[in-house]
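In: sequence first, then the predicted structure:
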2 protein chains.
Amino acid sequence: MDKKFYNIGFVGVGVMGKSMARNLMKEGHTLHVYNRTKAKAEELLQEGAVWHDSPAEIAAQADVVITMVGYPRDVEETYFGEQGLLKHARAGTVFIDMTTSSPTLAARIGEAAVAAGCSALDAPVSGGDIGAREARLSIMVGGDAETFARMEPLLKAMGTNVVHQGAAGAGQHTKMCNQIAIASNMMGVVEAIRYAEKAGLDPKTVLQSIESGAAGSWSLSNLVPRMLQGDFAPGFYVKHFIKDMGIALQSAEEMGLELYGLPLAKKLYEQLAAEGGGDLGTQALYKLYK
Amino acid sequence: MDKKFYNIGFVGVGVMGKSMARNLMKEGHTLHVYNRTKAKAEELLQEGAVWHDSPAEIAAQADVVITMVGYPRDVEETYFGEQGLLKHARAGTVFIDMTTSSPTLAARIGEAAVAAGCSALDAPVSGGDIGAREARLSIMVGGDAETFARMEPLLKAMGTNVVHQGAAGAGQHTKMCNQIAIASNMMGVVEAIRYAEKAGLDPKTVLQSIESGAAGSWSLSNLVPRMLQGDFAPGFYVKHFIKDMGIALQSAEEMGLELYGLPLAKKLYEQLAAEGGGDLGTQALYKLYK
């Protein structure tokens, strides 16, 4: 099969978006970029990306538009605003929102895209800045199967684990499952390590006993060493985690699902943020337990 | 180094103890067994183990006594009761309590053993019935280093991951860390899967997206498939998990450490037990979320 080269619009080239856009350029696609703060796009522009002054201008140029912005309100503005993508969409454009955002909003974008003669995928990711850089993201995709199949090669330029999860919103819902599982586990990991310290154990020796068994988890093996070194630099920001837990909780409420661990974890992280920890990494939950 | 063959007393040959005792016999040691219900010892007796009518009689015969009973009160009775091990201990005996029990009780046994001219290790395990059968347990050991070094070959006949964690009680404390990490993670795992179902996703497909990343854990990969198959058979009993969480919580309180996820998880599991789930496996937490 011949490889297709696209004019790809990319809205939001922060830490994650920049690496993802770069991986698409490496595959030979033409990149059209817009970012609220232009300075963050400079590196990509030097590497050959084309600057545009608004999502509207991006929409006028691109066959495929990828968005990777901050909060659901940014996603909403990017798609539905006056200078937004949908108001200026050309028929046939594929929109892919890779922001972690609301499943309900993803479904709305999906419908509006179809109404505009376009199609849309929601495709949030996990794997962090390193995964983005090394094109090893896990990409969770919602949207119609035909669009997914058509866009799969593009997504595989950014990730190694690209899975179609269902209709519009299903990608966001899957990402919520991811964040829900992490949220409560973070309490368990931190409580285990704080208990170990309080009991006079060496937490590193404790890890030797417990990390390969039923207590084992990615967070236990990867975040505890950082906690113990006092390294609270953000792999994933506390403030963004709180955003995600808020989306998950609201979404659960809309579905009539009662959760217990998630609201508790959210409360603890909000307390951490209130104490000034919002710009730290999620492993800083360790600081809340004294 | 010449291999040493011991007279080993084994008190408590239930599902776990039976397999562990058998692995010691395979190494050529002589096994002296006592169990509250004699019938459970029959298999081992047919394989060559010697029956005794009380812990006291075991103490009179053995160089090393291993205990693997149910609750801390059983451990206390086995060691400190009228027919208990310590009242009838011969000088030089090594006692190894492999029950998951109270760190404070482990420290008391350690002191009493020394007072009787003996020594003691606390050495609780993780790895379940399969780990016990295949001699692949993780064994977390507290007690003095010399006794640990002397007993390490015996412990390695039962487990692959044998780690000395510190003084008397440190083994139990380490096991508490293990249970604390599991407790909150179980909420996260179940909540993620219930959310997936409610959102109309296929939880197995969701696992494909999330289990190898930051949400990954032993419980997510190993217990979710059982939940989805409606298999709630005990790998690890809800009632025993509640016991362990109770010990951990009391121990944390004694140390002045405030925990949040653990008491919530304990409350949910107690609710599950109140609804008749005590004899199910821990993955039955899934049934509590509707």
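Out: Right, received. Where do you want to start?

In: could you use CA atoms for every contact and neighbour count after this?
Out: Will do.

In: check contacts around A:Ala214.
Out: B:Ser126, B:Gly127, B:Asn178, B:Ile182, B:Trp218, B:Ser219 (Cα atoms under 8 Å, 6 or more residues apart in numbering or on different chains).

In: my error: substitute A:Lys4 in the last question.
Out: With Cα under 8 Å, 6+ apart, A:Lys4 has no contacts at all.

In: in chain A, which spans are helices?
Out: Assigned by DSSP state H, chain A shows helices spanning A:15-26, A:42-46, A:55-61, A:72-80, A:103-115, A:128-133, A:145-156, A:170-198, A:203-210, A:218-228, A:238-255, A:261-272, A:285-288.

In: okay, those helices, which one's buried deepest?
Out: Comparing these by mean neighbour count (mean count of other Cα atoms under 10 Å in any protein chain shown), helix A:170-198 ranks first with a mean of 28.

In: and it, is it in reach of chain B?
Out: Yes: applying Cα under 8 Å from any Cα of the partner chain, one finds helix A:170-198 in contact with chain B at A:170, A:173-174, A:176-193, A:195-196, A:198.

In: what's the angle from that helix to helix A:203-210?
Out: Between helix A:170-198 and helix A:203-210, the angle comes out at 120 degrees (axes from the mean of the first three to the mean of the last three Cα atoms, to 10 degrees).

In: just the CA trace of the worst-scoring helix or strand of chain A on mean pLDDT, in PDB.
Out: Here the helix or strand of chain A ranked lowest by mean pLDDT, DSSP states H and E is helix A:128-133, holding a mean of 93. Output of helix A:128-133 as PDB, limited to C-alpha atoms (Å, rounded to 0.1, in the frame of the first residue of the first chain):
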ATOM      1  CA  GLY A 128       4.200  11.000  29.400                       C
ATOM      2  CA  ASP A 129       6.800  13.200  27.800                       C
ATOM      3  CA  ILE A 130       9.200  10.300  27.300                       C
ATOM      4  CA  GLY A 131       6.600   8.200  25.600                       C
ATOM      5  CA  ALA A 132       5.800  11.200  23.300                       C
ATOM      6  CA  ARG A 133       9.400  11.700  22.500                       C
END
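
In: contacting residues for the residue nearest to A:Lys287 when sequence neighbours are not counted?
Out: Nearest-residue entry for A:Lys287: A:Leu272, 7.9 Å, with adjacent residues in sequence omitted and distances by Cα to Cα, 6 or more residues apart in numbering or on different chains. Going by Cα under 8 Å, 6+ apart, A:Leu272 touches A:Gly278, A:Leu285, A:Lys287, A:Leu288.

In: buried ones in the lengthiest strand in chain A?
Out: Ranked by residue count, the top strand of chain A under DSSP state E comes out as strand A:159-166. Neighbour counts using 16 or more other Cα atoms under 10 Å in any protein chain shown place A:Gly159, A:Asn161, A:Val162, A:Val163, A:His164, A:Gln165, A:Gly166 of strand A:159-166 among the buried residues.

In: re the thing from before, tell me the spacing between the residue nearest to A:Lys287 and A:Ile242.
Out: 10 Å (Cα to Cα, to the nearest Å).

In: same question, A:Gly14
Out: Applying Cα to Cα, the value for A:Gly14 to A:Ile242 is 19 Å.

In: before we move on, the earlier item: and of the contacts of A:Leu272, the nearest to chain B?
Out: Distance to chain B across the contacts of A:Leu272 (Cα to the nearest Cα) is lowest for A:Leu288, with 10.5 Å.

In: if you skip the residues just before and after it, what's nearest to the closest one?
Out: That would be A:Leu272: by Cα to Cα, 6+ apart, it lies 6.2 Å from A:Leu288.

In: where's that neighbour relative to A:Gly281, distance?
Out: In terms of Cα to Cα, A:Leu272 sits 11 Å off from A:Gly281.

In: ditto for A:Gly28
Out: 34 Å.

In: the more surrounded of those two?
Out: Set side by side, A:Gly28 and A:Gly281 show more neighbours around A:Gly281, with 22 against 13, by other Cα atoms under 10 Å in any protein chain shown.

In: isn't the more buried one up against A:Phe236?
Out: Yes: with contact defined as Cα atoms under 8 Å, A:Gly281 reaches A:Phe236; the gap is 5.1 Å.

In: just give me the neighbour total for A:Pro124.
Out: 26.

In: which one is it nearest to, not counting chain neighbours?
Out: A:Met98 (4.2 Å).

In: which residues are in contact with the one you found?
Out: By Cα under 8 Å, 6+ apart, the neighbours of A:Met98 are A:Ile66, A:Thr67, A:Met68, A:Asp122, A:Ala123, A:Pro124, A:Val125.

In: let me see the confidence value for it.
Out: At A:Met98, the pLDDT value in this model is 98.

In: do the same with A:Lys3
Out: pLDDT, read off for A:Lys3, is 78.

In: from chain B, how far off is A:Thr160?
Out: 10 Å (Cα to the nearest Cα, to the nearest Å).

In: ugh, typo on my part, it should be A:Asp63
Out: Taking Cα to the nearest Cα, one finds A:Asp63 at 27 Å from chain B.
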